[in-house]
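Undergrad: sequence and predicted structure are below.
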Amino acid sequence: MTDYSKLLNPEQCAAATAGDGPLLVLAAAGTGKTRTLVYRLSYLIEKGVDPSRIILLTFTNRAAQEMLDRARKVVGEVANLAWSGTFHSICARFLRKWGSAIGIKPSFKIIDEDDQKKLIAEVIKSNVAKPGDFVKKEIALKIISEAANDMLDVGRVADRWMTKTAGIDHDEFVKVANAYSVRKSELGVLDFDDLLVACHKLLKEKEHIRKIIADNFLYVLVDEYQDTNALQAEITDIIAAGHRNIMAVGDDFQCIYTWRGARIENILDFPDRWEKCAIIKLERNYRSRAGILDVANSVMRDAPVRFEKHLKAMLSAGDKPRIYRVQDGKDQAQQVLKLINEARACGYANRDIAILYRSHFQSIDVEKAVSTAKIPYRLTSGIGFFEKQHVKDVLAFMRLIIHPDDELSFLRLVQLLNGVGEAGAKKAWAKIGRRLELNSQSSLLEVGDFLNAKARPAWKNIAEAFSRGLKHIEEDDPAGQIILDFLDAFYEQYLHLEWESEEAQDRLADIKELASDISDETMSLDDYLENAALMTNLDIRKNDPSLDRITLSTIHQAKGMEWPCVIIPWLSEGMFPSAKAEDEGRLDEERRLFYVAVTRAKERLSMLSARMRRMPEGGEFPVEASKFLKEMPKNLVNIFQIASSRSFYPNSGFSRSSHGGYNNSSYNKGYGNFKTTWRR
DNA sequence: ACTTTATGCGTTTTT
DNA sequence: CGCATAAAGT
């Protein structure tokens, strides 16, 4: 048996080896939260608990994976038998197994945001008299999602939105929301929220299934508890109700997902909800230099404290964190470059350096500078691998082979063809009897007759790829072969026709990566396709640590990670805190987000703030330094004023959009060669 | 009637 | 760039 007292500090050890009963672990940033969970899991297994009766709920697949990997090193392969995953993936597993009890087909497909938008657009079009006057589909989805996650009635949430948004009529909105649900169940698909909602419904309504699940899990471990929403907290409570061995780990200071329904109250009220709940506080920070922690503490100085915390630095002061005041985005990017080079000169590797920003678009200047300087970087872009249009195209083809009745995939696939749009695709789907006949080559070819004549030659190629794909399945070939055939028969040609070659190459590379990933994946092809929507870019791009690259990431995506050197750009008013969040009265969450950013740093922390901000039209306007910087005690930081590198430009005051020839098109052209990071 | 192309507009954070 | 809408092309 491992001696946990040698591996952990007394508080961590107490948490890892705690006895039965509810336990709340308040783990401040950098106090070894992951370590504690890993050893808790190991301890339970070593103690003889059947791993399949332990469940570990996390927020990202990466966290789940990392914890299992580390537990495996302590107790060996048995660790793999524990249930572990995100709330969404665990719910999906439950539903595949028991969902039929509430009318959910085990082969349901999980749709992403993009599919959601398409569906809601379709529903709005056919249910609303004047679709132009209806709320935008993004807002509609947001309202529906809010209702789901807060466990409220859609109509009531819509009413709440009515006061601030035009175009919402109570009855009409409810009608749309219902039609959206109906359409989803017709198609046999679930969106992200549905996974939680349906799982909750299953546990709530089907007593025998609830009993099976609640009885099975002797131990329930929940990570990042401060970011659970109402639904997730209830699901957890139900699962843990059987044996009352729930361990929730989190930090109320790091709650940064309230916009997605996270309820900080879940962690604050946890001891009230669970009678005789023990509380353990992890306060010794091993991650950051004391100087960095001083800044972190000052950020949260005035935050309302529910749980008293004394974050104790375990390391010496180190370098004072630095603030750089620079002229504008371009100068800021140059300064970032300088900081990277400085760090490298001090012996840090690229992988030791991260640039963390509030929003994806704030990465553009830096990405451009880093890429011209030929510094290798890894950008966790806003759009995940499985959300990319070309990846989804290929997956649609794959899915049709296994599920010939998959309407969404069919519609997607045929719309790639020339001359076929939404209407034509739907017509063809109806004519072939809502199912693709794969087994006979002739009936497969017949589908072409229902399509626009222009599309027929290409369809013939696709039909052949289908036949070959079927053969691959029969002969149990690596699934990647199917993709390569599809590429060969149709898609590669389509890529070249549709896009200019440079981007086409990138997309081709993505698809080949998909092919090799799908080939060496241990799970079945069916499982792979069903869960594709739940996997993030980090899961496929195995995040190879042998690659020495700097990291560019949003702060949200950087949660739970750490780097020796952290650089935070765009600490300007309106950028961070984000103007929108502040307008909507969510400054406290922006502050927590800043706290998360600061506490990612181990050795060096640099914060940058520009004096001018460029407008999309090309002009510039002055911006104040972020209030987060202004509030910071001056003795904790070193402040550097960096003069403009292009001072011959009169930058005082406003310059109009005509200035510098930056009209809209030339602005866009300037960035055309760089991968942009916007979400779709 | 349906599809493709042109034009103008706008960006928080994500399972 | 992406998305929505308008206009032109089949």
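TA: Received the coordinates, thanks.

Undergrad: and A:Lys374, how many neighbours?
TA: Neighbour count for A:Lys374, taken as other C-beta atoms under 10 Å: 6. Yep, even glycine has a C-beta here, placed from its N, CA and C like the rest.

Undergrad: looking at it now. What's its pLDDT?
TA: pLDDT recorded at A:Lys374 is 87.

Undergrad: now do A:Phe648
TA: 41.

Undergrad: equivalent analysis for A:Glu498, please.
TA: On the pLDDT scale, A:Glu498 is placed at 48.

Undergrad: what residues does the stretch 201-350 of chain A have near DNA strand B?
TA: For the stretch 201-350 of chain A, the residues in contact with DNA strand B (C-beta under 7 Å from any atom of the strand) are A:Ile256, A:Trp259, A:Arg260.

Undergrad: need the contact list for the second one.
TA: Taking C-beta atoms under 8 Å, 6 or more residues apart in numbering as the criterion, A:Trp259 is in contact with A:Ala581, A:Arg586, A:Glu589.

Undergrad: repeat for the first one
TA: Residues in contact with A:Ile256 (C-beta under 8 Å, 6+ apart) are A:Asp227, A:Ala262, A:Ile555, A:His556, A:Lys559, A:Glu589, A:Arg592, A:Leu593, A:Val596.

Undergrad: hmm, back to that, closest to A:Ile238 among the contacts of A:Trp259?
TA: When the contacts of A:Trp259 are ranked by distance to A:Ile238 (C-beta to C-beta), A:Glu589 comes first, at 27.9 Å.

Undergrad: what sits closest to that closest one if chain neighbours are left out?
TA: Once flanking residues are discounted, A:Glu589 sits nearest to A:Thr258: 5.6 Å by C-beta to C-beta, 6 or more residues apart in numbering.

Undergrad: what separates A:Arg358 from DNA strand B, distance-wise?
TA: Computed as C-beta to the nearest atom of the strand, to the nearest Å, the A:Arg358 to DNA strand B distance reads 7 Å.

Undergrad: what is the burial count for the nearest residue to that residue once chain neighbours are set aside?
TA: Nearest residue to A:Arg358, sequence neighbours excluded (C-beta to C-beta, 6+ apart): A:Phe576, at 4.1 Å. A:Phe576 has 28 neighbours, counted by other C-beta under 10 Å.

Undergrad: buried sites along stretch A:108-127?
TA: Buried residues in stretch A:108-127, counting neighbours by 16 or more other C-beta atoms under 10 Å, are found at A:108-120, A:122-124, A:127.

Undergrad: looking at those residues, which are in helices?
TA: A:Glu113, A:Asp114, A:Asp115, A:Gln116, A:Lys117, A:Lys118, A:Leu119, A:Ile120, A:Glu122, A:Val123, A:Ile124, A:Asn127 (DSSP state H).

Undergrad: tell me the SS of the residue in the stretch 501-650 of chain A positioned nearest to DNA strand C?
TA: Closest approach of the stretch 501-650 of chain A to DNA strand C (C-beta to the nearest atom of the strand) occurs at A:Glu503, with a separation of 6.7 Å. Look at A:Glu503: counting by DSSP: H, G, I helix; E, B strand; the rest coil, its state is helix.

Undergrad: one more: A:Ile567?
TA: Classified using three-state DSSP, A:Ile567 is strand.

Undergrad: tell me the contacts of it?
TA: With the criterion set at C-beta under 8 Å, 6+ apart, A:Ile567 makes contact with A:Val336, A:Leu339, A:Ile340, A:Ile353, A:Ala354, A:Ile355, A:Leu356, A:Ser606, A:Met607, A:Leu608.
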